[in-house]
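In: sequence? don't have it. structure:
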């Protein structure tokens with residue numbers, strides 16, 4: 001039996017009344033549908049707009065809007081005409097699909113996916129699903145790391161020899177790590193340097209004048225961390241032998257010298273073999289090919305690059321040489337040995 005009120009008021013059938021009551025109770029239904037159902041139920045009970053405004057906090061415009069929608073389409077008219085995007089949940093299946101596509105090359109010819117690009121390709125409602133899946137899996141497609149693989153068949157033997165010098169250096173002997181830093185440019189800025197200020201970094205002009213290049217021979221003493229350095233116009237075998245001779249003369253007579261160095265051709269010439277024959281106390285230990293990480297002086301080269309060479313301004317080659325040697329003197333005043341450690345030796349050294 002229908003619930004009848006004054007003419008032109010809302011009249012509900014029993015089924016409509018039940019459906020509206022179910023929506024009005026809320027529960028798992030949408031909150032906006034529950035508010036609209038309460039408006040219609042109050043109208044059906046004969047409540048005035050003013051009573052509904054006071055009871056439900058709705059405006060008269062909202063009440064009139066949903067009354068007209070209900071009269072036109074009944075209960076179905078309470079649904080929004082623009083429901084918006086359907087909510088998406090990052091399910092295990094969706095996460096697996098995202099990770100599978102991440103490992104494939106992008107379809108547009110680029111080299112890596114971005115979160116937004118992959119979300120568009122998979123037709124996801126938001127790129128945050130991709131970002132969350134990547135974060136959980138520890139994936140960072142925008143990053144790349146490079147590595148160098150040693151192809152030396154005697155890698156283990158040579159590496160164990162070098163590491164042994166670091167971990168247990170011979171008693172009453174000096175251990176040096178030696179290498180050359182070549183083609184150091186003496187760059188002079190043509191425009192004045194603008195100093196840093198609050199909120200602004202130091203600024204260098206784009207144009208520069210190149211006065212030439214120098215090579216730096218450096219030998220880092222393992223136990224003290226001090227560096228013996230010498231500059232040269234080039235890096236020939238004669239320059240290398242000259243530096244070896246200086247290194248030998250810097251040590252007490254009769255003291256053995258062990259030198260760790262790479263496989264550069266100038267380190268293995270006949271002149272070098274002749275020098276070693278004349279100096280039996282000097283022993284060369286070559287690192288495996290493509291294993292510069294085993295040479296401790298490379299760490300010091302990285303430091304002087306950061307501290308001096310990358311941002312330095314050099315008005316001439318003598319100015320570059322003077323500043324390099326001054327840096328070495330200042331460094332040796334507070335030098336400390338590099339704490340070398342090799343974890344899980346079983347992974348690389350048999």
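Out: That came through fine. Predicted, not measured: the structure shown is a model, and the values here were computed from it.

In: how far out from the middle of the chain is the helix or strand where residue 157 lies?
Out: With elements taken from DSSP states H and E, the one containing residue 157 is helix 155-167. Distance of helix 155-167 from the chain centroid (CA atoms, centre = their mean, to the nearest Å) equals 31 Å.

In: What's the mean pLDDT across the next helix-or-strand element following that helix?
Out: Proceeding N to C from helix 155-167, the next assigned helix or strand is strand 173-189, under DSSP H and E. Across strand 173-189, the average pLDDT comes to 93.

In: partners of strand 173-189, with directions?
Out: Strand 173-189 has its sheet partners listed here by DSSP bridges as strand 208-221 (antiparallel), strand 256-261 (parallel).

In: Would you mind listing where the stretch 51-200 of the chain has pLDDT under the threshold?
Out: In the predicted model, the stretch 51-200 of the chain carries pLDDT under 70 at residues 82-88.

In: Please name the residues that touch the most centrally placed residue in the chain.
Out: Most central residue of the chain, judged by C-alpha distance to the mean C-alpha position with CA atoms, centre = their mean, is residue 143 at 6.1 Å. Contact criterion CB atoms under 8 Å, 6 or more residues apart in numbering gives no residues in contact with residue 143. Placement of C-beta: from N, CA and C, glycine included.

In: Give me the secondary structure label for it.
Out: Secondary structure assignment for residue 143 (DSSP: H, G, I helix; E, B strand; the rest coil): coil.

In: Same check on the one 10 residues further on?
Out: State at residue 153, reduced to three classes by three-state DSSP: coil.

In: what about it, neighbour count?
Out: Residue 153 has 10 neighbours, counted by other CB atoms under 10 Å.

In: Kindly report the same for residue 336.
Out: Should you count by other CB under 10 Å, residue 336 turns out to have 8 residues around it.

In: quick one, what contacts it?
Out: When contacts are counted by CB under 8 Å, 6+ apart, residue 336 is found next to residue 225.

In: That one and residue 179, how far apart?
Out: According to CB to CB, to the nearest Å, residue 336 and residue 179 sit 19 Å apart.

In: before we move on, back to that, and the helix holding residue 157, what other elements does it pack with?
Out: Other elements packing on helix 155-167 under the criterion 3 or more CB pairs under 8 Å, 6 or more residues apart in numbering; DSSP states H and E are strand 256-261, strand 282-286.

In: So which of those strands is nearest residue 244?
Out: Go through the helices and strands packed on helix 155-167 one by one with CB to CB and the one that ends up closest to residue 244 is strand 282-286, at 6.8 Å.

In: Need the mean per-residue confidence for that closest one.
Out: Strand 282-286 carries an average pLDDT of 93.

In: ok now it, how far from the chain's centre?
Out: In this view, strand 282-286 has its centroid 38 Å away from the chain centroid, taken as CA atoms, centre = their mean.

In: Residues touching the helix or strand just after that strand, excluding its own?
Out: Elements were assigned by DSSP H and E; along the chain past strand 282-286, the next helix or strand is helix 297-304. Contacts to helix 297-304, defined as CB under 8 Å, 6+ apart, come from residues 177-179, 181, 218-220, 227, 292, 324, 327, 331, 338.
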